[in-house]
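Asks: Kindly generate the corresponding structure for this input.
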Amino acid sequence: MNHLKRIEGADENLAALMAGIGRAARAAARVLATAPAEVKTRALNAAAAAIRANAGAIEAANAQDYAAAKAKGVAGSFLDRLKLDPARIEAMARGIEEVAALPDPVGRVLARFERPNGLLIERVAVPLGVIGIIYESRPAVTADAGALCLKAGDAAILRGGSESQRSSAIIHDCLVAGLIEAGLPPAAISRVPVADRAAVGEMLSGLNGDIDVIVPRGGKSLVARVQNEAKVPVFAHLEGVVHIYVDRAADLGKATKILLNAKLRRTGVCGAAETLLVDSACAATHLAPLVKTLLDAGCAVRGDAAARAADPRVTPASEADWSAEYLDAIISVRLVDGIDGAIAHIEAYGSHHTDCIVTEDPAAAARFLAEVDSAIVMHNASTQFADGGEFGFGGEIGIATGRMHARGPVGVEQLTTFKYRVHGEGQIRP
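Replies: Numbering: from 1, shown residues only. Predicted coordinates:
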């Protein structure tokens, strides 16, 4: 398939093109809402098989995307998210199969109660409808988002970044092949076939009521635009300004292992640690070893006066560093006055994404977990576990940092809403 030809030859009337995509997705959503679980499972497994069968084509297309992005001089963290190799392509296929194997979230009876007048009321999980996903540089989101939406009975409209157009097009073709094999409408997983940024604006308008929810996956500027312009509800996904707080009762060996993994396992993911906070009460024993370990591992450290005193390789941190999402091998380090100081710092500079305390004091851990107002709070574990797959959700469509409807990893259950079914025997209201 000549995907670039298809992109370049898209309908010149963008508004009409997008409106047509919206109408088709709405019609597909009505079919998906009542699709049997086994049909959705068949579609997903067929899509995973198609990705494996087309792995070479996906890798070749991605190599073109990667080379073009690298030539433009984009950041290393961006390139890391863009890159697909055989292992990542296989992980993509396995991820779809894991979603297929999950229990069907649609039709779950969430509550059942009987009123004194004999009415039986049930609260039942149903699909959200049509979900628009706007994302940058991550071709794997095409597979993740499409699979999760399908499992939840939702139609998806995918608008990936221009840098991953070639990769995303072939992955999308594989998803559509799975839909067709299972007898489901191809528009159940639609892809915006143009790189024009105006397509984002059309989606944010709601496509004449055909989009029910928007999910942004990308940098701060994309998320800010979506939140400012969207005329439909948004699953907020702010940047991951993630903290590791090393408490006075922390085990140094455990803290070191957690910190290195949280910061350096993959620096470009939203669960990567960006700030290290160290309790001043353990600075004499913990600060210098932690900073040295980071520096020796190739991580640049920007710190306060205490951190700079601990190692001459530390550079001064500016005020902006405390709220920075580096997505790179850079971390800011600061001493704080105990758990009160840590919580105050996180509240002032954090993004309500993921924050962790390292401590052997159960009372300190309990207080941190209770008082830090983030979507995910952790005790003695790497923040890189902030991932829907690691939560057993079979993947995620994003990490929601808002407070409405969904918070934390947005998996299949979070992609449903509910309705009430009321069963009567002729009751009327007096």
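
Asks: how about whichever strand or helix holds residue 46 as CSV, C-alpha atoms only?
Replies: Here residue 46, judged by DSSP states H and E, is contained in helix 37-53. In CSV, the C-alpha atoms belonging to helix 37-53 read as follows (Å, rounded to 0.1, in the frame of the first residue of the first chain):
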residue,chain,number,x,y,z
ALA,A,37,-17.6,-10.3,23.6
GLU,A,38,-16.3,-13.2,21.4
VAL,A,39,-16.6,-11.1,18.2
LYS,A,40,-14.5,-8.3,19.7
THR,A,41,-12.0,-10.9,20.9
ARG,A,42,-11.8,-12.4,17.5
ALA,A,43,-11.1,-9.0,15.9
LEU,A,44,-8.4,-8.2,18.4
ASN,A,45,-6.6,-11.6,18.0
ALA,A,46,-6.8,-11.2,14.2
ALA,A,47,-5.3,-7.7,14.5
ALA,A,48,-2.4,-9.0,16.5
ALA,A,49,-1.8,-11.7,14.0
ALA,A,50,-1.8,-9.1,11.2
ILE,A,51,0.8,-7.0,13.1
ARG,A,52,3.1,-10.0,13.3
ALA,A,53,2.5,-10.8,9.6
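
Asks: just checking, what packs against that helix?
Replies: Packing partners of helix 37-53 (3 or more Cβ pairs under 8 Å, 6 or more residues apart in numbering; DSSP states H and E): helix 86-101, helix 140-151, helix 165-181. For every residue, glycine as well, the C-beta is placed using N, CA and C.

Asks: buried residues in it?
Replies: 37, 40-51 (16 or more other Cβ atoms under 10 Å).

Asks: Save those as a markdown table, and put in distance to residue 197 too.
Replies: Below are these laid out as a markdown table (distance: Cβ to Cβ, whole Å):
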| residue | distance to residue 197 |
| --- | --- |
| 37 | 38 |
| 40 | 33 |
| 41 | 36 |
| 42 | 36 |
| 43 | 31 |
| 44 | 31 |
| 45 | 35 |
| 46 | 33 |
| 47 | 28 |
| 48 | 31 |
| 49 | 34 |
| 50 | 30 |
| 51 | 28 |
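
Asks: Now render those as a markdown table, adding distance to residue 89 and pLDDT.
Replies: Below are the buried residues of helix 37-53 laid out as a markdown table (distance: Cβ to Cβ, whole Å; pLDDT from 0 to 100):
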| residue | distance to residue 89 | pLDDT |
| --- | --- | --- |
| 37 | 27 | 97 |
| 40 | 22 | 98 |
| 41 | 21 | 98 |
| 42 | 21 | 98 |
| 43 | 19 | 98 |
| 44 | 16 | 98 |
| 45 | 16 | 98 |
| 46 | 16 | 98 |
| 47 | 13 | 98 |
| 48 | 11 | 98 |
| 49 | 13 | 98 |
| 50 | 12 | 98 |
| 51 | 7 | 98 |
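
Asks: re the thing from before, right, and the helices and strands packed on helix 37-53 - which one's nearest residue 370?
Replies: Closest to residue 370 of those is helix 140-151 (Cβ to Cβ; 30.3 Å).

Asks: what's near enough to touch residue 285?
Replies: Shown in contact with residue 285 (Cβ atoms under 8 Å, 6 or more residues apart in numbering): residue 252.

Asks: wait, is it part of a strand?
Replies: No: assigned with DSSP: H, G, I helix; E, B strand; the rest coil, residue 285 falls outside any strand and is helix.

Asks: For the helix of greatest length in the chain, what is the distance to the chain centroid?
Replies: Counting residues, the longest helix found in the chain (DSSP state H) is helix 14-32. Computed by Cα atoms, centre = their mean, to the nearest Å, the separation of helix 14-32 from the middle of its chain amounts to 24 Å.

Asks: who touches it?
Replies: Outside helix 14-32, the residues touching it (Cβ under 8 Å, 6+ apart) are 10-11, 40, 127, 129-130, 150, 153-157, 184-188, 190, 192, 194, 196, 198-199, 202-203, 207-208, 210-211.

Asks: The same query, at a cut-off of 6 Å, please.
Replies: 11, 129-130, 153, 155, 157, 185, 187-188, 190, 196, 198, 202, 207, 210 (Cβ atoms under 6 Å, 6 or more residues apart in numbering).

Asks: cool, stretch 332-339 as well?
Replies: 275-280, 283, 301-304, 306-307, 317, 321, 342, 345, 364.

Asks: 7 Å - rerun?
Replies: If you take Cβ atoms under 7 Å, 6 or more residues apart in numbering as the criterion, stretch 332-339 is touched by 247-248, 274-281, 283, 287, 291, 301-304, 306-307, 317, 321-322, 324, 342, 345, 364, 367-368.

Asks: Give me the buried subset of those.
Replies: Listed as buried from the contacts of stretch 332-339 are 247-248, 274-279, 283, 287, 291, 301-304, 306-307, 317, 321-322, 324, 342, 345, 364, 367-368; burial here means 16+ other Cβ under 10 Å.

Asks: Tell me the secondary structure of residue 122, please.
Replies: Assignment for residue 122 (three-state DSSP): strand.

Asks: OK, contacts around it?
Replies: Counting by Cβ under 7 Å, 6+ apart, residue 122 makes contact with 109, 112, 420, 421.

Asks: Export those to JSON lines and append columns for distance to residue 260.
Replies: Output for those, formatted as JSON lines (distance: Cβ to Cβ, whole Å):
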{"residue": "109", "distance to residue 260": "45"}
{"residue": "112", "distance to residue 260": "48"}
{"residue": "420", "distance to residue 260": "49"}
{"residue": "421", "distance to residue 260": "51"}
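
Asks: Save the residues you listed as JSON lines, and put in distance to residue 63 and pLDDT too.
Replies: Converted to JSON lines, these look like this (distance: Cβ to Cβ, whole Å; pLDDT from 0 to 100):
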{"residue": "109", "distance to residue 63": "48", "pLDDT": "97"}
{"residue": "112", "distance to residue 63": "54", "pLDDT": "98"}
{"residue": "420", "distance to residue 63": "51", "pLDDT": "97"}
{"residue": "421", "distance to residue 63": "51", "pLDDT": "96"}
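
Asks: Which of those residues fall in strands?
Replies: 109, 112, 420, 421 (DSSP state E).

Asks: Export the residues you listed to a markdown table and append columns for distance to residue 414 and neighbour count.
Replies: Formatted as a markdown table, the ones in strands among the contacts of residue 122 follow (distance: Cβ to Cβ, whole Å; neighbours: other Cβ atoms under 10 Å):
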| residue | distance to residue 414 | neighbour count |
| --- | --- | --- |
| 109 | 18 | 11 |
| 112 | 22 | 12 |
| 420 | 19 | 10 |
| 421 | 21 | 12 |
